[in-house]
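Asker: Sequence and predicted structure are below.
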Amino acid sequence: RRSGDGPDRADADRDDAGRADGEGDDGGDGDALPDDETVRAAMTAFATVLYPSEVEGVEAFVDRFLDGRLDGSAHATGVRTTVGELDDAARSWYGAPVAELSEDDRDRLLREVGADTADEDSDGTLAERVRYHVVNELLLALYASPTGGELVGLENPQGHPGGTESYRQGPR
């Protein structure tokens, strides 16, 4: 029903500087990047779609992860910009920001922008940027953690040594 509104439409509405029609650098309404609260709410909302149902405490988990990611770097700006564009699409297509959509509508939104099949590219189309800055970011957060590692059978994800017990076990 909205398949024609996907990445091609979104990217066609962007100028050479990557801004949507009407966006500028003057900081007026709708021009500024989303604030921390908006980014955290949207990323948490998407995490509930992407994470297995066994994962508990998603909001606190995503908040802790984003503490180190929303630091003013170019990567953080990419996350903010992409979340802002997804929020704009959600408002346009569903009449509400990402954080207020049902889980089914958030899943549908990700699929409609093409994030489920796109390659990741921080400077690519909307679908590629969503894959890079939202989907991959949230999956990295989960599967590089002990909780996420356990879900996929990784005893010791990178950066989380397992202690002496893991070193006493022989190879499997």
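Answerer: Sure thing, it's come through. All values reported here derive from a predicted model rather than from experimental measurement.
Asker: ok, residues contacting the longest helix along the chain?
Answerer: In the chain, with assignment by DSSP state H, the single longest helix is helix 74-94. Residues from elsewhere that reach helix 74-94 (CB atoms under 8 Å, 6 or more residues apart in numbering): 2, 5, 10, 18, 20, 33-34, 38-39, 42-43, 69-70, 96-98, 101, 105-106, 109, 112-113, 122, 126, 129-130, 132-134, 137. Just so you know, the C-beta spots here come from the backbone N, C-alpha and C atoms, and that holds for glycine as well.
Asker: Give the buried residues for that helix.
Answerer: 76, 78-90, 93-94 (16 or more other CB atoms under 10 Å).
Asker: Could you do stretch 33-42 as well?
Answerer: Pro34, Thr38, Val39, Arg40, Ala41, Ala42.
Asker: average model confidence for it?
Answerer: Over the span of stretch 33-42, the pLDDT mean works out to 95.
Asker: Alpha carbons of that stretch, in CSV - could you do that?
Answerer: Extracted in CSV, the C-alpha atoms of stretch 33-42 (Å, rounded to 0.1, in the frame of the first residue of the first chain):
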residue,chain,number,x,y,z
LEU,A,33,18.4,16.9,14.6
PRO,A,34,16.3,14.9,17.0
ASP,A,35,17.2,15.4,20.7
ASP,A,36,18.5,12.6,22.9
GLU,A,37,15.0,11.8,24.3
THR,A,38,13.6,11.3,20.8
VAL,A,39,16.5,9.2,19.6
ARG,A,40,16.4,7.0,22.7
ALA,A,41,12.7,6.5,22.4
ALA,A,42,12.8,5.6,18.7
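Asker: List the contacts of that stretch.
Answerer: Residues outside stretch 33-42 that contact it (CB under 8 Å, 6+ apart) are 62-63, 66, 70, 77, 79-81, 83-84, 86-87, 97-99.
Asker: angle of the host helix or strand of Asp63 against helix 74-94?
Answerer: Taking DSSP states H and E as the definition, Asp63 sits inside helix 58-67. In terms of direction (axes from the mean of the first three to the mean of the last three CA atoms, to 10 degrees), helix 58-67 departs from helix 74-94 by 140 degrees.
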